[in-house]
Structure formats: structure tokens, C-alpha cells
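Visitor: sequence plus the predicted model coming up.
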Amino acid sequence: MLNVVYDYQVFYCQRYGGISRYFYELATKLRNHDEITPLIFAPVHMNQYLLNCPPGLVLGKYLPFIPKMSRPRNWFNAALSSLYFRSTFKRLSPSIVHETYYSTVKLASANTKTILTVYDMIHEKFASLFRHGDRTAFVKASAIKRADQVICISESTRNDLLETLDIHPGKVSVVHLASSFTLDHNVAPKICTKKKPYIIYVGDRGGEYKNFQSLLDAYACSKRLMIDFKILCFGGGSFSSKEKKLIQQIGLSPDNIEQISGDDSVLAFCYRNAAAFVYPSLYEGFGIPLLEAMNCLCPVVCSNTSSFPEVAGDAAEYFDPYNVDSIVHALETVLYSTGRSQELIELGKKRSCRFSWDICAEKTADIYRALI
């Protein structure tokens, strides 16, 4: 029997999010494996996914999100973790501790195997975009080097890791992620029902590597796109004052661009009713929104860099994210061709079937077994 413990790191700082969703899905699926006993150790957390876990899977308590309380919550978790590893771990005798994020300190005891998942190498490849003093790359390198095994979420991320750090290739495996989205046709929020068709952009817009400004520039370069479609930004917070200034300078009005937020059911509805999903990022470790869009029958238009071709395959219209004209051409190719749009929807159905949390869990279980 393999006792696998997932640490608290990501759960104390994420209410929702791709990383916490990944570990929630992984632990839930592995609970059905006869030879593996998973446990999420999150003494104090604010994660919504953990509220849906079956009894016995989570050791910890939920506390609602309180602004400016992340540092005290982290300290409290660290203190409880130290006590827990000295006492409870002796009783549980974990075979493996799967760390959910990067830390310079090994949370497990010396004789316990450690696994680390690496999500991307953005801080290493785009170091100039992060503020001076950002220690993410340093902490990540430390965590990778002391881990017994490393899981990357794409071949692209694995290649970038091996090019950046002196790590033996045999220590680094690849396990693809999946999408948790299921389309509920009975959900029809009042939002997103306006008559003007829209292009949907999902997630954070901050950081130059997200390339949001290039999307705006491309949109503003095409008069017919501006007339026929609007851009709907889902999530990522309200537009900042800097973004509002940029939108105004480009010449866009509220009729051209809108920002909304909501839960997964609202997002799924927005995907389903979009004319296309656009993903202009310069780099992503995997890109779960690609699969979300495919699962919701939304045609995908995205960058041709990093992990995008690995995930989307032939089910996307690609563009060069550094070239505004290329973005315009790709969008217009899909948006003004019913045939191409429908083709991408059909290809997306087939492509998304290659990725599932069951497959992710089974491949991860194989790595656990091989490590012990």
C-alpha cells in the first residue's frame, strides 16, 4: 500500500485555480486505486475544490478568504506542518510526499520520497519580465534538485527544464493535465446573452508574456472585427487603470470589449456561445483553457509557441504571437468561415478526448509505484 500525502502549499493561497484543481482531481481519482491511499494535508485552507472532497481525503479546515491574511495563514500552516510531520507522519508512514508548489525546504522526513510537479518555466525564459528580487526561479530550482522525481505537465515544459537546469533526464517525467469542464445546456446566465457575437479571452492579462496588448492591437487593426465582434475577457479581475487607458488610446469603446467573472458554469456557457476562443500567450506550460474551449464546442485560435501545438494538435488555427498581422489573419480565417469554424469544433471534440483526469491519475500512479 502506498500512502501519498499532498502538502498544503497551493491550497492555502488558491480559492480556485488550475494547480489546486489538478491536485483535487488527482487525489480524488487516486482514491479509487486499491494500492494507493491519498491524503491532502491542508491544516488551514481557503480552497473551494476541497469542500467537495469525500470524507477522509482532506486533513484540515476551511477558512473563508480574508484579504491581507495570506502571510499569517502561510505561517500557521508551516507551524502546524512542522508539528504534523513530527507526530502524525510517524503514524501514517507516508511512502511519498507530492509537493504542490515550490519550496526550499523539504516538507517530508528524510527517508520519505518526494515528488514535485513543475508547471512551466516562465520565470526562467522570461526573467526580464519579473520584478527584481523575484525568487521563484531560485526556489523552483532548489525544489527540483532535491526532489526524488519531477513531473512536468508537457513535453515542452520538460524540454525547457532540461535546457535550463543540470538535471538527469531520467528524473523528469511528463503527465498531461485535463479539463474538468462539462457543458450544462440548462445553464443560461443572463450575462453573455447580448446579441453581438464575441471572441472570448480567458484568465490573467497581466505580464507581457500573456500578450494581451497584441490581441488588442490586432483587433483594432481590423475594422470588420471591431464592427462584427466584441472581445469578452473572462476572469483576470476588472480592467486596471493602465488597461483602461490602453483601451481608450487604441480607440475601443465598451461596445468593443467587456470584462466579466463567474464560476465554471458561467465560463462554460461563455465558451459555448463564443464565436472563437483566442489564446495569444507567448508561453504556457500546458494551457488548460484550450481543452476547456474544445469541450465546450468553441473553435480555438492560438499561438504556435511552447506547449500549444502539443496540446491542441490539429484542432486549432495557429498564429505567430509576435506578429499582429498573423493574429488578425488567424481570427478572420475562423470567424468568417463557417466551414473552418465547424471543422475546428469537430477536431476539438476528438482532440480533447486524449486528455482526461483518469489518464493523468493512472500515469501518476505508475510514477509513484516506480519510485518506491
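Guide: Cool, the structure landed.

Visitor: for the rest of this, base every contact and every neighbour count on C-alpha atoms.
Guide: OK.

Visitor: now do the helices in the stretch 1-150 of the chain.
Guide: 18-30, 70-86, 88-92, 122-125, 136-146 (DSSP state H, counting those that start in this stretch).

Visitor: buried residues in the last one, which are they?
Guide: By neighbour count with 16 or more other C-alpha atoms under 10 Å, helix 136-146 contains the buried residues 137, 140, 141, 142, 143, 144, 145.

Visitor: verify the stated contact: the last one with residue 171.
Guide: No: at 9.8 Å, residue 145 does not count as touching residue 171 under the criterion of C-alpha atoms under 8 Å.

Visitor: any weak-confidence spans in the stretch 51-200 of the chain?
Guide: 66-90, 92, 183-194 (pLDDT under 70).

Visitor: what residues sit buried inside the strand ranked longest in the chain?
Guide: Longest strand in the chain, counting residues (DSSP state E): strand 36-45. Buried residues in strand 36-45, defined by neighbour count with 16+ other C-alpha under 10 Å: 36, 37, 38, 39, 40, 41, 42, 43, 44, 45.

Visitor: for the last one, which residues make a bridge with it?
Guide: Put plainly, it is residue 45. Counting by DSSP bridges, residue 45 is bridged to residue 62.

Visitor: export the buried residues of helix 136-146 to CSV and tack on distance to residue 93?
Guide: Formatted as CSV, these follow (distance: C-alpha to C-alpha, whole Å):
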residue, distance to residue 93
137, 31
140, 26
141, 27
142, 25
143, 22
144, 23
145, 24
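
Visitor: please identify which of these is nearest to residue 55.
Guide: For these, the minimum distance to residue 55 (C-alpha to C-alpha) is 30.7 Å, reached by residue 143.

Visitor: coming back round to it: joint contacts of residue 145 and residue 171?
Guide: With contacts defined as C-alpha atoms under 8 Å, 6 or more residues apart in numbering, no residue is shared by residue 145 and residue 171.

Visitor: show me what contacts residue 346?
Guide: Per C-alpha under 8 Å, 6+ apart, neighbours of residue 346: residue 297.

Visitor: around residue 30, count how many other residues there are.
Guide: 22 (other C-alpha atoms under 10 Å).

Visitor: where do the strands sit along the stretch 101-250 of the chain?
Guide: If DSSP state E, counting those that start in this stretch is used as the criterion, the strands of the stretch 101-250 of the chain fall at 113-118, 149-152, 172-174, 198-202, 230-234.

Visitor: now those strands as a markdown table including distance to residue 246 and mean neighbour count?
Guide: Converted to a markdown table, the strands of the stretch 101-250 of the chain look like this (distance: least, C-alpha to C-alpha, whole Å; neighbours: other C-alpha atoms under 10 Å):
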| stretch | distance to residue 246 | mean neighbour count |
| --- | --- | --- |
| strand 113-118 | 34 | 23 |
| strand 149-152 | 36 | 22 |
| strand 172-174 | 39 | 19 |
| strand 198-202 | 17 | 24 |
| strand 230-234 | 15 | 22 |
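
Visitor: and residue 209, what does it touch?
Guide: By C-alpha under 8 Å, 6+ apart, the neighbours of residue 209 are 126, 129, 281, 282, 283.

Visitor: list the contacts for the first one?
Guide: It stands for residue 126. residue 209.

Visitor: I figured residue 11 hits residue 20, correct?
Guide: Yes: counting by C-alpha under 8 Å, residue 11 does reach residue 20; the two are 6.2 Å apart.

Visitor: mutual contacts of these two, please.
Guide: residue 47.

Visitor: out of these two, which sits in the more crowded spot?
Guide: residue 11 (30 against 24).

Visitor: who are the neighbours in contact with the more buried one?
Guide: 20, 42, 45, 46, 47.
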